[in-house]
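J.: predicted coordinates and the sequence they were generated for:
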Amino acid sequence: MAARFVPVMPPRLDRPRSAWSGVFGKSARNTIGGWSERAFEAPYLRGRLLTITLHTISDPDAVQHVLLDNAANYVKPAVVKRLLAPLSGRGLLGADGDLWRKQRRMVAPTFAPAAIASMAPLIARVAERQVAGWPKGPALLDMAAEATRATMAIIVEALFSADPRLMTREASDHIAAALNAAAEARLGALLRLPVAELTRTGRRGRRGVVFLRRTLDRIVRERGIGGGADDFLGGLIRALAQQFPEAEALELAVDNAATFYLAGHETTANALAWTLYLLSEDREAQERARAESIAALSADPAELADKLPWTRQVLEEALRLYPSAPRFDREALGEDVLCGAPIRRGEIVTVMPWLVHRHHALWDAPDAFDPERFAPEAKARLHRFQYIPFGAGPRVCIGARFATMEALIILAHWLAARRFAPSGRPVVPAASVTLRPEGGLWLQTSPSR
Ligand code: HEM
C-alpha cells in the first residue's frame, strides 16, 4: 500500500487507563481519548467500576456473538436507559423486548428502500440551496456547522413536514449543549446522583434537554391522536394510537420524535464533516470525487448515490476512521463467555467501533486514510463485524441506508461546486456521545469552476 496520510487522532497513552478515568476527568468527556496502544491490539479488555464489571470486545467473532448470534442475551443497559430517559424516554433507541419490536415495526416502512429513494429530490434541493447561500468567492467556512444545518433541515423536512420550530439556531444550540453534557449525565446515571446540576456544562445540557422535550411535546400535542399531517410523525402517532392507550401513545410519539430528530441528523452531519476533512487533506482523492460528482449530477437524484463508487469508498473510510457513534453498550441478561472470559448477568459489554476500526490485528496501517480498503474486492474480504459504523444484528441502525444516500447526495453537490482545503485551524476529534470535530471544522473553500 502506498504511504497515505495519518489524520488527526487523540494521543495514545503508554499504559492502560483505569476504568475510573473513563468516568471522571478528561477521558470521561471524550470516549475516544485516553486509550493505550494495547487497547488497539487486544481482542478483549476488562475493567471494573464500583460494582460494575465492563467487558470491551474488539474480536469480530465476539462482536458477532453479542450483536447477532446471542443478541437475545444482550439488552440496552439500565444505565443507558436512565441516561436517555429525560430526552427520548422509551423511544426506539433505548427500548427492549416487545416495546422495541412494536416500535421498530411501526417505523420500518419509512426506511424501506423505495421510501428512502423518494426522499432523494428533497435532499438534493437542500444541498443545492445551501451551496447557493455560501459566498461566491473563496471563503472560510465551518463545514461541521454547515453539515449540521443541512442534515437538520433534511430530517425536519423529511419526517416532520418542515416544522420551523425544529430548524432554529436555538434548537441547534440546545442539541449541542445536551450532547456536550452527556459525560456528566453518564456519571449521574451511573451513580444515581444529580451530578449534572453541579457543573455549568451539565446545567446547560439539562436546559437543552428540557427545551427540546418541551418543543416536541407541544408539536405532538397540537397534532393530537389523529396525527395531523400525512408525514412520518403523523403516521407514527396513528400507529401508536392503535396499540396503546391515548396518553401512552402520545408520550411514545414524543419519545420517538426526539429519537429520530436527534439520531437522524447529528450522526450524518459528523460523517459529512469527517469526509470533507479527509478530502481536504488528500487533494488527489478530492479531485477524483469531484470529477465523479460532476459526471453523476446529470442523473436522477434517486440514482445519484449509485453513481458515486469512489465517493462512497471515501465515506466508508471516513466512517471507519471517525465512526459517528464510537461506542455502544449492552447488559448481559444471563451468563455467557466472550473471548474466553466469563460474562455474568448484569455485566456490561461494550463494543467500540473506535477500537475495532483501528485494530492492528484487523487492518493494515489502521490509522492511515486509504479508501481502497473499501474497493469491492477488498471489502468482500472483510469480516462482517470488523466494520460496524451502523452497528449490526437486529439493533442495526434503522437509518443506515437513508444516512448513506443523504451523505452521498450532499457530498456530490458540495464537491461539484467547491474545493475544500485545510485552513490551518486545528481539527480536534472528540466524542462525548457522537464523534465530532470539537470547535468546528474550518476549511478554506473556493469555487471549483
Ligand atoms: C452516519 C450516520 C449514522 C450512524 C453512524 C449511525 C449509527 C448508529 C448505530 C451504531 C446504531 C446502533 C446502536 C446500538 O446498537 O446500540 C444506531 C441505531 C439507531 N439509529 Fe443510527 N446512525 C446514523 C444515522 C441515523 C439516521 C439518519 C437515523 C434516522 C433517520 C438513525 C436512527 C437510529 C435509530 C432510531 C437507532 C436505534 C435502532 C434500534 O435500536 O432499533 N440513525 N445508529
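T.: Nice, thanks for sending it over.
J.: quick one, what contacts Arg90?
T.: Leu99, Glu251, Leu252, Asp255 (C-beta atoms under 8 Å, 6 or more residues apart in numbering). Every C-beta, even on glycine, is put in place using the N, C-alpha and C of the backbone.
J.: check Leu278 too.
T.: Listed by C-beta under 8 Å, 6+ apart, the contact set of Leu278 reads Pro7, Ala285, Val314, Glu317, Ala318, Leu321, Phe369.
J.: turn the residues you listed into TSV, columns for neighbour count and pLDDT.
T.: As requested, the contacts of Leu278 are exported to TSV (neighbours: other C-beta atoms under 10 Å; pLDDT from 0 to 100):
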residue	neighbour count	pLDDT
Pro7	18	98
Ala285	22	98
Val314	26	98
Glu317	23	98
Ala318	27	98
Leu321	25	98
Phe369	21	98
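J.: let me know the closest of those residues to the ligand.
T.: Set against the ligand, the nearest of the contacts of Leu278 by C-beta to the nearest ligand atom is Ala318 (9.3 Å).
J.: so what's the backbone phi/psi at that closest one?
T.: In terms of degrees, to the nearest 10, the main-chain angles of Ala318 are phi -60, psi -40.
J.: next one: the one 3 residues further on
T.: Backbone dihedrals for Leu321, given as degrees, to the nearest 10, come out at phi -70, psi -40.
J.: distance of the nearest residue to it once chain neighbours are set aside relative to Glu170?
T.: Spatial nearest neighbour of Leu321, excluding adjacent residues (C-beta to C-beta, 6 or more residues apart in numbering): Pro7 at 6.2 Å. Look at Pro7 and Glu170: by C-beta to C-beta, to the nearest Å, they are 33 Å apart.
J.: show me the contacts for Ala145.
T.: Contacts of Ala145 by C-beta under 8 Å, 6+ apart are Gly440.
J.: three-state assignment of it?
T.: For Ala145, the assignment made with DSSP: H, G, I helix; E, B strand; the rest coil gives helix.
J.: and what of Ala299?
T.: Secondary structure, three-state DSSP: Ala299 is coil.
J.: and for Glu331?
T.: Relying on three-state DSSP, one would call Glu331 strand.
J.: bridging residues for it?
T.: Under DSSP bridges, the beta-bridge partners of Glu331 are Val75, Ile348.
J.: contacts only, for it.
T.: Glu331 neighbours (C-beta under 8 Å, 6+ apart): Tyr74, Val75, Lys76, Pro77, Ala78, Gly346, Glu347, Ile348, Val349.
J.: look up how far the ligand lies from it.
T.: Distance of Glu331 to the ligand, computed by C-beta to the nearest ligand atom, to the nearest Å: 11 Å.
J.: kindly provide the whole-number mean pLDDT of the longest helix along the chain.
T.: Counting residues, the longest helix in the chain under DSSP state H turns out to be helix 200-223. Per-residue pLDDT over helix 200-223 has a mean of 92.
J.: what about it, distance to the chain center?
T.: The chain centroid and the centroid of helix 200-223 are separated by 20 Å, computed with C-alpha atoms, centre = their mean, to the nearest Å.
J.: one more: stretch 317-332?
T.: With C-alpha atoms, centre = their mean as the basis, the mean position of stretch 317-332 lies at 8 Å from the chain mean.
J.: tell me the buried residues in it?
T.: 317-332 (16 or more other C-beta atoms under 10 Å).
J.: likewise for stretch 430-449?
T.: By neighbour count with 16+ other C-beta under 10 Å, stretch 430-449 contains the buried residues 430-438, 440-445, 448.
J.: now for the residue in the chain positioned nearest to the ligand, how many residues are close by?
T.: The ligand sits closest to Gly399 of the chain, with a gap of 2.3 Å, by C-beta to the nearest ligand atom. Gly399 has 21 neighbours, counted by other C-beta atoms under 10 Å.
J.: phi first, then psi, for it.
T.: Main-chain dihedrals, Gly399, degrees, to the nearest 10: phi -100, psi 10.
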